[in-house]
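Q: build me a structure from this.
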Amino acid sequence: MAVPLPAVDAPLRLRLLERYRFLDGHILRLLTWASLHWLRTNQQVVNALNVFPIPDGDTGTNMVLTMQSAWDEVSATTDPSVSVVAHALAHGALMGARGNSGVILSQLWRGFARSLDKQDAIDPSGLAEALAEARDTAYRGVVRPVEGTILTVSKDVAEAARLTIESGATSGLEVLEGVVQGAAESVARTPELLPVLKEAGVVDSGGKGLYFILEGMLRAAYRMPLTESLIDIKSLAALELSDLSESIEPGQDWEIVVDFRPHAPLDLPAFHRDLQGMGTSIQIAEGDGRYRMHIHVPDRTEFAPVEYLRGLGTIIEYRVENLMIQAGGPAPEAPLRLPSLTFDQVGVVAVSPGHGLSRLFASLGAAAIVEGGQTMNPSAQDICHAVEGLACERVIVLPNNRNIILTAQQAADLTGKRVHVLPTTTVPQGLAAMMPYDSQADLETLAADMERARSEVRSGELTTATRSVEIDGVAVREGQVIGMIDGRLVVAGDTLDEALLGLLQVGGASQAALVTAYIGRDLPSSIADQLMTRIREAYPSLEVEAYFGGQPHYPLLLSIE
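A: I've put the predicted structure just below:
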């Protein structure tokens with residue numbers, strides 16, 4: 001499939017071929033900066049590439065935060081050698097890696113840096129070799145590599161670089177052109193390699209993120225702007241005020257949503273650029289001649305977008321919310337109390353997406369809590385700090401999310417302590433794993449007991465569909481309530497009540513003894529009480545327990561035992 005490269009006139013390209021004949025630390029620093037900015041510009045494009053229609057579109061966010069950590073490290077060094085800059089890039093990405101995509105990206109940079117050891121600059125062949133080592137390191141870092149993902153794109157990128165060298169490339173620019181072309185074609189092929197992508201009608205999000213990283217480098221070399229993405233204009237129905245919650249990045253202190261009617265047709269690229277100068281998480285919707293704008297901005301600038309839009313048209317209504325308060329949900333009744341451990345005990349670090357869930361983990365013995373979950377994956381450094389903060393030398397980590405397991409494993413490698421990552425993929429699994437916890441036990445024996453406990457529960461999740469799709473034989477309309485059992489989509493309904501009962505039926509509630517519900521941050525207690533009554537009516541012999549979890553996006557998490 002032919003994918004056009006960004007256009008540049010021939011005389012300029014000739015000058016650039018000479019400029020990029022060798023890549024030194026100054027050039028790699030520029031390319032790193034550019035890759036971050038172009039990825040951030042297209043962050044929402046990557047986030048939107050969900051396989052399941054659930055509010056976990058965080059691949060773009062995870063990759064941006066990973067690259068931001070990498071850039072922070074790179075920008076702190078002034079050494080002109082490509083080796084020093086590459087190792088700074090790799091170390092920053094390693095510490096800031098978030099989610100599976102961020103961890104694999106950090107491994108790519110690790111291999112890239114290893115290939116450039118003690119070199120001041122590299123020629124085109126050296127660049128191709130570094131991309132090959134990046135591929136090999138990333139594949140080695142994954143126990144069961146899956147094709148049709150960012151790994152495949154990294155493999156095709158390395159192959160594209162090799163082919164440019166065989167074709168006689170004499171400039172790093174030619175290699176960069178070849179790998180961008182190769183990445184674009186590879187991303188387009190991912191649905192043919194991974195059936196679930198084809199079924200969902202999307203390409204791989206991690207692979208697309210890697211493509212934007214490489215394309216950003218090429219755009220910087222071509223001296224093209226890095227702030228003009230394809231603007232995603234939604235319908236007003238697709239951008240409801242109640243459905244705008246998402247991950248909160250550093251500096252995102254306020255959420256602003258404004259409905260307005262412009263005095264004149266909007267210049268959308270210029271409009272988007274102006275908003276990018278104010279904040280992040282930009283979304284724009286249009287319908288019936290009016291627009292809705294959503295943005296996150298830093299503290300003390302919360303009214304800047306409103307005043308800006310007032311100059312473009314008539315403000316119909318607006319909403320300003322403090323995200324840092326909103327993210328915490330209801331204030332806990334008392335400070336979170338975590339147990340103190342001694343050197344010879346075994347501690348548990350649990351990742352938790354809500355204050356109520358954190359209190360439950362603490363009550364069961366977890367000695368450290370890392371905030372995070374769907375759409376807000378913690379970094380490897382976050383988990384490493386939690387492990388290092390415990391007095392004990394033996395630690396079990398509960399990721400409690402499928403997309404945090406690789407990050408937790410990477411964090412374990414960053415510490416000198418004996419760390420066992422128990423691969424809990426849901427919060428109910430994590431809480432079940434805590435039941436046999438004994439701080440005095442042998443690490444391996446305890447880990448085996450906790451693994452057995454987590455495998456004895458079925459996990460249910462209820463949320464709102466973010467788009468229409470058919471997966472696993474379940475047809476879903478955007479806005480419906482959908483239910484998943486152990487990560488598999490099993491039901492879609494028009495009401496929470498309907499989806500809940502459908503999920504319990506598929507989940508085998510009629511043969512279960514206990515269902516435990518964890519109430520989400522935004523589900524009113526009166527409705528939660530009604531839903532618990534419906535469960536008891538439908539399953540009279542079933543014991544039903546309910547706790548406030550405080551998790552966002554998911555009104556109910558369920559444990560079926």
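Q: can you name the next helix or strand after the one helix or strand in the chain whose mean pLDDT sits lowest?
A: For the chain, using mean pLDDT, DSSP states H and E, the weakest element among its helices and strands is strand 233-235, scoring a mean of 49. Tracing the chain C-terminally past strand 233-235 and defining elements by DSSP states H and E, one meets strand 254-262 next.
Q: if we go by neighbour counts, what in stretch 302-312 is buried?
A: By 16 or more other C-beta atoms under 10 Å, the buried positions in stretch 302-312 come out as 302, 304, 305, 308, 309, 312. Where you see a C-beta, it was placed from the backbone N, CA and C, and this is true even at glycine.
Q: equivalent analysis for stretch 554-561, please.
A: 554, 555, 556, 557, 558, 559, 560.
Q: mean confidence for it?
A: The pLDDT scores in stretch 554-561 average 94.
Q: taking the centroid of the protein, which residue is nearest it?
A: With distances taken as C-alpha atoms, centre = their mean, the chain has residue 58 as the residue nearest its mean C-alpha position (3.0 Å).
Q: wait, it touches residue 374, no?
A: Yes: shown here, residue 58 and residue 374 form a contact pair, counting by C-beta atoms under 8 Å, at 7.4 Å.
Q: spit out the residues that contact those two alike.
A: Common contact partners of residue 58 and residue 374 (C-beta atoms under 8 Å, 6 or more residues apart in numbering): residue 403.
Q: longest helix in this protein, please.
A: In the chain, taking DSSP state H as the definition, the longest helix is helix 172-193.
Q: immediately after that one, which helix or strand?
A: Next along from helix 172-193, by DSSP H and E: helix 195-200.
Q: got the contact list for that next one?
A: Here helix 195-200 has contacts from 50, 51, 52, 148, 190, 191, 192, 203, 204, 469, 470, 471, using C-beta under 8 Å, 6+ apart.
Q: buried ones in it?
A: 197, 200.
Q: now stretch 199-206
A: 200, 202, 203, 204, 205, 206.
Q: show me how far it is from its chain's centre.
A: In terms of C-alpha atoms, centre = their mean, to the nearest Å, the gap separating the centre of stretch 199-206 from the centre of its chain is 15 Å.
Q: what is the mean pLDDT for it?
A: Stretch 199-206 comes out at a mean pLDDT of 90.
Q: in PDB, list the C-alpha atoms belonging to that stretch.
A: Output of stretch 199-206 as PDB, limited to C-alpha atoms (Å, rounded to 0.1, in the frame of the first residue of the first chain):
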ATOM      1  CA  GLU A 199     -13.500  -7.100  13.800                       C
ATOM      2  CA  ALA A 200     -13.500  -3.700  15.600                       C
ATOM      3  CA  GLY A 201     -12.600  -1.800  12.400                       C
ATOM      4  CA  VAL A 202      -9.500  -0.200  13.900                       C
ATOM      5  CA  VAL A 203      -5.700  -0.300  13.400                       C
ATOM      6  CA  ASP A 204      -3.400  -1.000  16.400                       C
ATOM      7  CA  SER A 205      -3.200   2.000  18.600                       C
ATOM      8  CA  GLY A 206       0.400   1.400  19.900                       C
END
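Q: touching, residue 92 and residue 69? I think so.
A: Yes: the criterion here is C-beta under 8 Å, and residue 92 meets it with residue 69 at 4.7 Å.
Q: show me the buried residues of stretch 302-312 that map onto helices.
A: 304, 305, 308, 309.
Q: nearest to residue 489, of these?
A: residue 305 (36.1 Å; C-beta to C-beta).
Q: that older thread, now the buried residues of stretch 199-206 in JSON lines, with secondary structure and distance to residue 104?
A: Shown next, in JSON lines, are the buried residues of stretch 199-206 (DSSP: H, G, I helix; E, B strand; the rest coil; distance: C-beta to C-beta, whole Å):
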{"residue": "200", "secondary structure": "helix", "distance to residue 104": "20"}
{"residue": "202", "secondary structure": "coil", "distance to residue 104": "18"}
{"residue": "203", "secondary structure": "coil", "distance to residue 104": "16"}
{"residue": "204", "secondary structure": "coil", "distance to residue 104": "11"}
{"residue": "205", "secondary structure": "helix", "distance to residue 104": "12"}
{"residue": "206", "secondary structure": "helix", "distance to residue 104": "7"}
